[in-house]
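Q: what's the 3D shape of this:
(one chain, ligands or ions: 1)
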Amino acid sequence: MDQKTIDALRARPVETFSHLIDGKSVPASDGDTMDIRSPIDGQVLTQVARGTTADMEAAIAAARAAFEDRRWAGQPPAMRKKVLLKWAELIEANALELAVLGVRDNGTEIGMALKAEPGSAAGTIRYYAEALDKVYGEIAPTSEEVLGLIHREPVGVVGAIVPWNFPMMIGAWKLAPALATGNSVVLKPAETASLTLLRMAELAHEAGLPPGVLNVVTGEGAVVGETLGLSMDVDVLVFTGSGATGRRLLEYAARSNLKRVYLELGGKSPNIVFADAPNLAEAAKVAAGGMFRNAGQVCVAASRLLVEASIHDDFVAEVVKAAEAMQVGDPLRLDTQIGAVNSEVQLAQNLRFVETAQAEGGQVVTGGGRILEETGGWYMAPTVVTDVRPEASLAQQEVFGPVLGVTPFETEEEAVRLANATVYGLAGAAWTANLGRAHRMTRAVRAGVMHINTYGGSDGTVPLGGVGQSGNGVDKSLHAFDKYTDLKTAWIKL
Ligand code: NAD
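A: Numbering: from 1, shown residues only. A predicted model of the protein is given here:
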């Protein structure tokens with residue numbers, strides 16, 4: 001990957017994108033489109049179809065027909081595996097093009113986008129492709145005169161709704177296990193990050209996925225997302241996004257066919273630094289990186305820094321130094337470490353959070369405002385706010401932007417109490433050289449993932465999911481198959 005190739009790709013005009021329904025590219029039923037603005041410079045990049053209720057219904061019908069005639073579920077596992085492996089290969093072959101397109105659409109810095117988007121999506125697809133013929137049914141330990149078989153069957157039609165941060169990675173977390181187990185899918189990307197998912201779905205068809213098995217409908221959440229949520233023909237909804245939308249999806253399920261709803265929601269993850277951390281300089285760098293990469297638009301962002309009081313001032317100074325050293329700007333430059341904020345709306349929301357934090361007694365020790373306004377793009381300086389009281393908005397609500405709140409603590413008990421004092425439970429970390437304390441913290445902090453002496457590391461072999469109001473169910477690992485399969489018992493009298 002070199003800057004010249006990236007610059008050549010960024011200069012390419014972007015085609016207008018339509019939905020992908022039943023294997024065909026189709027415009028909105030009323031021909032309407034919506035402008036897609038690039039966070040890099042605020043300019044219109046292209047248009048995508050503004051989906052209608054009729055478009056979403058057509059996609060669901062296509063998915064249902066594909067599932068009922070078993071054109072995918074009925075194929076031998078080895079065949080499904082071959083198609084999915086080919087899909088992963090095509091994504092990798094087009095990785096740089098996909099990454100640049102995604103960055104122009106959503107603003108993530110290119111270094112991270114390349115790894116986290118096509119790279120991770122291909123890896124996830126390959127993981128589930130390889131796994132799909134290694135998951136067996138069961139024979140139950142019944143009495144001798146019967147045979148009890150436990151089959152795992154696809155659930156049917158899966159509706160997947162994903163957010164604008166890491167659309168390919170998060171999309172693949174849903175699509176790969178859903179398709180590997182034989183389901184049909186209707187995918188609804190976020191308004192501000194549709195392009196790479198549409199390209200990715202085209203590549204799935206190029207790899208041999210039969211038409212109708214994967215459909216993508218773009219447009220507004222309140223229109224096409226709602227239609228998907230309320231459909232009587234969707235069996236399972238999988239979602240990553242905000243808590244507010246998650247609540248709506250649960251309502252849609254209750255108002256329609258009681259479809260199962262799996263939610264991956266936000267977080268307010270505590271990064272807890274004890275004075276006995278093995279390497280405080282490293283911890284400070286990771287604290288900044290874990291918060292500010294992708295301009296803080298990471299569900300597991302280390303957004304609450306809890307620091308033992310005895311090292312508070314020195315440690316915060318190190319974090320500020322690390323934050324100020326991070327290169328913010330054009331996300332298509334290879335040396336950029338913090339790209340653009342995804343939308344103007346999100347930028348305004350981030351700035352309001354800083355104002356509120358100050359009104360509630362917080363001290364902005366670096367950043368706090370919009371920068372690079374002359375580019376027309378949406379950039380914000382990495383921001384550190386100290387003196388954040390546990391009940392303050394910045395300690396309680398997810399910003400989803402580059403704003404770090406710092407709160408001191410005196411004892412391990414207080415650290416645990418503060419860590420668990422939000423409605424969320426997505427991720428966390430503790431930095432300590434004390435082995436007993438490390439294990440105690442892993443158990444005591446309410447979170448789907450706890451890191452020790454690191455932050456944010458993960459791979460496809462381990463589950464990611466939240467507890468509390470961070471969601472239910474998991475993405476990644478073999479455990480994700482549970483969301484996309486039903487258990488069926490066969491009770492056979494011998
Ligand atoms: P969002 O909830 O606004 O949007 C997510 C998706 O829901 C989009 O596709 C949107 O169009 C759709 N949507 C919006 N309103 C809808 C409605 N009424 N009915 C159906 N669908 C609707 O979230 P966002 O701003 O795109 O993403 C940011 C949020 O996602 C943050 O809260 C972040 O923490 C969370 N997130 C969580 C994880 C995780 O794994 N837990 C990962 C990434 C992001």
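
Q: near the ligand, which residues of the stretch 301-450 of the chain?
A: 398, 400, 426 (CB under 6 Å from any ligand atom). For the C-beta atoms, the positions are set from N, CA and C on the backbone; glycine is no exception.

Q: top of the residues you listed by neighbour count?
A: Leu426 (27 neighbours; other CB atoms under 10 Å).

Q: and that one, what does it touch?
A: For Leu426, the contact set (CB atoms under 8 Å, 6 or more residues apart in numbering) comprises 265-267, 269, 299-300, 447-449, 466, 470-471.

Q: Now, the residues you listed that are in helices?
A: Judged by DSSP state H, the subset of these located in helices is empty.

Q: Among these, name the ones in strands.
A: Using DSSP state E, the subset of the contacts of Leu426 located in strands is Val449.

Q: Would you format the contacts of Leu426 as CSV with neighbour count included?
A: Shown next, in CSV, are these (neighbours: other CB atoms under 10 Å):
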residue, neighbour count
Leu265, 26
Gly266, 27
Gly267, 28
Ser269, 33
Cys299, 25
Val300, 23
Ala447, 24
Gly448, 22
Val449, 22
Gly466, 26
Ser470, 28
Gly471, 28
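
Q: Looking at the contacts of Leu426, spot the one nearest Val103.
A: Cys299 (18.9 Å; CB to CB).

Q: For Trp173, see how far away that closest one is.
A: Using CB to CB, to the nearest Å, Cys299 is found at 11 Å from Trp173.

Q: follow-up on the earlier one: could the contacts of Leu426 be laid out in CSV, adding pLDDT?
A: Output for the contacts of Leu426, formatted as CSV (pLDDT from 0 to 100):
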residue, pLDDT
Leu265, 97
Gly266, 93
Gly267, 97
Ser269, 98
Cys299, 95
Val300, 96
Ala447, 98
Gly448, 97
Val449, 97
Gly466, 97
Ser470, 98
Gly471, 97
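
Q: Among the residues of the stretch 301-450 of the chain next to the ligand, which are located in helices?
A: Using DSSP H, none of those sit in helices.

Q: Tabulate those residues (a markdown table), appending pLDDT.
A: Formatted as a markdown table, those follow (pLDDT from 0 to 100):
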| residue | pLDDT |
| --- | --- |
| Glu398 | 97 |
| Phe400 | 97 |
| Leu426 | 98 |
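
Q: Say whether the ligand is contacted by stretch 264-275.
A: Yes - Stretch 264-275 is in contact with the ligand by CB under 6 Å from any ligand atom, via 264-267.

Q: pretty sure Val286 is in a helix, no?
A: Yes - using DSSP: H, G, I helix; E, B strand; the rest coil, the assignment for Val286 is a helix.

Q: Name the nearest residue to it, ignoring sequence neighbours.
A: Spatial nearest neighbour of Val286, excluding adjacent residues (CB to CB, 6 or more residues apart in numbering): Tyr455 at 4.9 Å.

Q: SS state for that neighbour?
A: coil.

Q: That one and the ligand, how far apart?
A: 16 Å (CB to the nearest ligand atom, to the nearest Å).

Q: quick one, phi/psi of that residue?
A: Per-residue torsions, Tyr455: phi -150, psi 130 (degrees, to the nearest 10).

Q: what about it, neighbour count?
A: Tyr455, neighbours per other CB under 10 Å, totals 21.

Q: Surely it is in contact with Lys285?
A: No - with contact defined as CB atoms under 8 Å, Tyr455 does not count as touching Lys285 (10.1 Å).

Q: Mutual contacts of Cys299 and Trp173, please.
A: Contacts common to Cys299 and Trp173, judged by CB under 8 Å, 6+ apart, are Thr240.

Q: Just give me the residue right at the centre of this structure.
A: Ile170 (4.2 Å; CA atoms, centre = their mean).

Q: Let's verify that one: helix, strand, or coil?
A: Strictly by three-state DSSP, Ile170 counts as helix.

Q: quick one: contacts for it?
A: 162-163, 240, 264, 475.

Q: quick one: it and the ligand, what's the gap?
A: To the ligand, Ile170 is 6 Å away according to CB to the nearest ligand atom.

Q: can you check Ala201 too?
A: When Ala201 is compared with the ligand (using CB to the nearest ligand atom), they lie 15 Å apart.

Q: what does Glu308 give?
A: For Glu308, the distance to the ligand - CB to the nearest ligand atom - is 27 Å.

Q: just checking, that residue touches Glu410?
A: Yes - judged on CB under 8 Å, Glu308 makes contact with Glu410 at a distance of 7.5 Å.

Q: Of the two, give the one with the bigger neighbour count.
A: Neighbour totals were compared for Glu308 and Glu410, and Glu308 leads with 22 against 10 (other CB under 10 Å).

Q: contacting residues around that one?
A: With CB under 8 Å, 6+ apart, Glu308 has these contacts: 273-275, 408-410, 415.

Q: go again using 10 Å as the cut-off
A: Glu308 makes contacts with 272-277, 315, 408-412, 414-415, 431-432, as judged by CB atoms under 10 Å, 6 or more residues apart in numbering.

Q: Repeat that for Asp69.
A: Contacts of Asp69 by CB under 10 Å, 6+ apart are 210, 212.

Q: related to what we said a few turns ago, out of the residues of the stretch 301-450 of the chain next to the ligand, which is nearest to Gly367?
A: Nearest to Gly367 among those, with distances taken as CB to CB, is Phe400, at 15.8 Å.

Q: what's the neighbour count on the closest residue to the closest one other than its chain neighbours?
A: Spatially, and ignoring its direct neighbours in sequence, Phe400 is nearest to Gln297 (5.7 Å; CB to CB, 6+ apart). Gln297: 24 surrounding residues under other CB under 10 Å.

Q: Gln297 and the ligand, how far apart?
A: From Gln297 to the ligand the distance is 7 Å (CB to the nearest ligand atom).

Q: roughly how far apart are that residue and Arg440?
A: Gln297 is 32 Å from Arg440, by CB to CB.

Q: Show the contacting residues for Leu435.
A: Ile452.

Q: is it true that Ala357 touches Gly367?
A: No - assessed by CB atoms under 10 Å, Ala357 is found out of contact with Gly367, at 11.6 Å.

Q: ok, the residue of the stretch 351-494 of the chain at minimum distance from the ligand - contacts?
A: At 4.9 Å from the ligand, Phe400 is the closest residue in the stretch 351-494 of the chain, using CB to the nearest ligand atom. Shown in contact with Phe400 (CB under 10 Å, 6+ apart): 163-165, 242, 266-267, 295-299, 301, 303, 341-342, 346, 349-350, 353.

Q: let's see 7 Å
A: Each residue near Phe400 by CB atoms under 7 Å, 6 or more residues apart in numbering is listed here: 266, 296-297, 346.

Q: what's the answer for Ser269, then?
A: For Ser269, the contact set (CB under 7 Å, 6+ apart) comprises 300-304, 426-428, 447.

Q: since we're on the residue lying closest to it once chain neighbours are set aside, how many residues are nearby?
A: Among residues not flanking Ser269 along the chain, Ala427 sits closest, at 4.2 Å (CB to CB, 6+ apart). The local packing of Ala427 (other CB under 10 Å) involves 29 other residues.

Q: OK, contacts around Ala427?
A: 267, 269, 300, 447-449.
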